[in-house]
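Trainee: Build me a model from this:
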Amino acid sequence: MVVSADHGESFEGGVYQHGGPYLTRPVIHVPLIVRTPGQQLGRKVSVTADETSLAPTILELAGVSKPAWMTGPSLVKWLSGEDTGTPEGSAFCQYLERNSIFKPPHRGTVGIIHGDFQYIVYLDSQKGQLRPLGDAQYWDLDLSSAYPDQVAALRSALNARFPDLVHKNS
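Mentor: Sure thing, here's the model as predicted:
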């Protein structure tokens, strides 16, 4: 059995919603509950991943090979307890709702979670904001000036993932 959602829900940090341009952690934290056949014990696993991992995980649990075009990793090795190391990955998110379907996106927000930080970029201004994950529920928090190396690395990762949306340096 697999239970998930397409978004989280925010009830803190001044943002009370389940979508929008702020991409606070409660809004983008998607629940995932998996119970495998014969599973006797539950466990909580914290892995940085995004929804591109959902289909590969389900396919692996079903014994089906992942197609080459699927970019997300399967989470089965953490769910099964095979990998007990600290999972380190990146998760990408985006809010592009206010764009025309007939033109390239130019408004909205894209973001990345990696390590202990979340970095988001507002597309219309190209302004970025860096938040420690422990405080990522606050939409107006920006610690970019305190962590310039982290900002550069995360902005570069966003540019690599969304080259037409995020400028390299802004």
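
Trainee: Go ahead and measure how far stretch 68-76 is from the middle of the chain.
Mentor: Its chain's average C-alpha position is 15 Å from that of stretch 68-76, according to Cα atoms, centre = their mean, to the nearest Å.

Trainee: What residues sit buried inside it?
Mentor: Gly72, Pro73, Ser74, Leu75, Val76 (16 or more other Cβ atoms under 10 Å). To be clear about C-beta, it is placed using only N, CA and C from the backbone, and glycine gets the same treatment.

Trainee: Report the spatially nearest residue to the last one, omitting neighbours in sequence.
Mentor: Take Val76 and drop its neighbours on the chain: the residue closest to it by Cβ to Cβ, 6 or more residues apart in numbering is Glu60, 4.6 Å away.

Trainee: same thing with the second one?
Mentor: The shortest distance from Pro73 to any non-neighbouring residue, by Cβ to Cβ, 6+ apart, is to Ser53 (5.7 Å).

Trainee: Return the helix or strand in the protein with minimum mean pLDDT.
Mentor: Least confident helix or strand of the chain, by mean pLDDT, DSSP states H and E, is helix 25-28 with a mean of 74.

Trainee: Next secondary structure element downstream of that helix?
Mentor: For helix 25-28, the following helix or strand on the C-terminal side (DSSP states H and E) is strand 32-34.

Trainee: Of the buried residues of stretch 68-76, which belong to strands?
Mentor: Judged by DSSP state E, the subset of the buried residues of stretch 68-76 located in strands is empty.

Trainee: Reformat the residues you listed as TSV; add distance to Leu123 and pLDDT.
Mentor: Formatted as TSV, the buried residues of stretch 68-76 follow (distance: Cβ to Cβ, whole Å; pLDDT from 0 to 100):
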residue	distance to Leu123	pLDDT
Gly72	23	85
Pro73	27	86
Ser74	31	88
Leu75	29	87
Val76	34	87
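
Trainee: Now intersect those residues with the helices, please.
Mentor: Val76 (DSSP state H).

Trainee: Closest to Gln126 out of the buried residues of stretch 68-76?
Mentor: Nearest to Gln126 among those, counting by Cβ to Cβ, is Gly72 at 26.7 Å.
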